[in-house]
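Participant: fold the following, please.
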Amino acid sequence: MSKKRALGRDPYDWIGGTETPPPETPPTHPPTPTPEPSADRETAPKYRQMLKVDALLRPEQVEALDRLVREIMSRRSDKRERITRNTLLRVAVETLLAVDFSIEEIPTEEELQQRVLAAGRAQSA
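Facilitator: Residues are numbered from 1 along each chain as shown. Here you go, the predicted structure:
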């Protein structure tokens with residue numbers, strides 16, 4: 001066995017390469033496509049018959065929806081179907097579509113709301 005006298009030709013050999021490897025980039029996933037509603041509407045679950053849509057709501061609107069959901073759920077005996085925020089939003093959309101109001105020259109969200117409410121009151125009277 002020979003005795004080593006020095007650190008050898010490359011004293012930093014034990015460190016390894018000094019090249020910095022490229023940073024690992026996280027895998028990019030394509031955005032999840034919105035599923036098409038089920039073609040077999042009669043047998044598919046209700047949630048499979050719908051499309052996912054994003055909506056921007058104010059915090060107080062979300063709180064009011066949650067409060068209403070809790071009140072509705074606590075005051076019923078027939079619990080076959082869950083009532084959720086989404087349920088209330090779908091009902092609001094259907095109600096909006098059922099009300100006959102003028103769509104001419106609507107400059108703001110507030111004006112739209114006033115017209116819809118006025119038309120709803122007139123139709124229910």
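
Participant: going by C-alpha atoms from here, please, whenever you check contacts or count neighbours.
Facilitator: Fine.

Participant: what is the neighbour count of R67?
Facilitator: Residues contacting R67 under the criterion other Cα atoms under 10 Å number 13.

Participant: now it: how far from E94?
Facilitator: R67 sits at a distance of 21 Å from E94 (criterion: Cα to Cα, to the nearest Å).

Participant: likewise for L51?
Facilitator: 15 Å.

Participant: so where's the chain uncertain?
Facilitator: 1-8, 11-22, 25-41 (pLDDT under 70).

Participant: what segments of it are helices?
Facilitator: Along the chain, counting by DSSP state H, helices occupy 59-74, 85-98, 109-124.

Participant: let me have those in a markdown table, extended by distance to D10.
Facilitator: Shown next, in a markdown table, are the helices of the chain (distance: least, Cα to Cα, whole Å):
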| stretch | distance to D10 |
| --- | --- |
| helix 59-74 | 65 |
| helix 85-98 | 69 |
| helix 109-124 | 74 |
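
Participant: K46 is nearest to which of those helices?
Facilitator: Proximity to K46 (Cα to Cα) singles out helix 85-98 among the helices of the chain, at 11.1 Å.

Participant: so which residue is smack in the middle of this structure?
Facilitator: Nearest to the centroid of the C-alpha atoms of the chain, with distances taken as Cα atoms, centre = their mean, sits D54, at 5.2 Å.

Participant: where's that one relative to A122, distance?
Facilitator: 31 Å.
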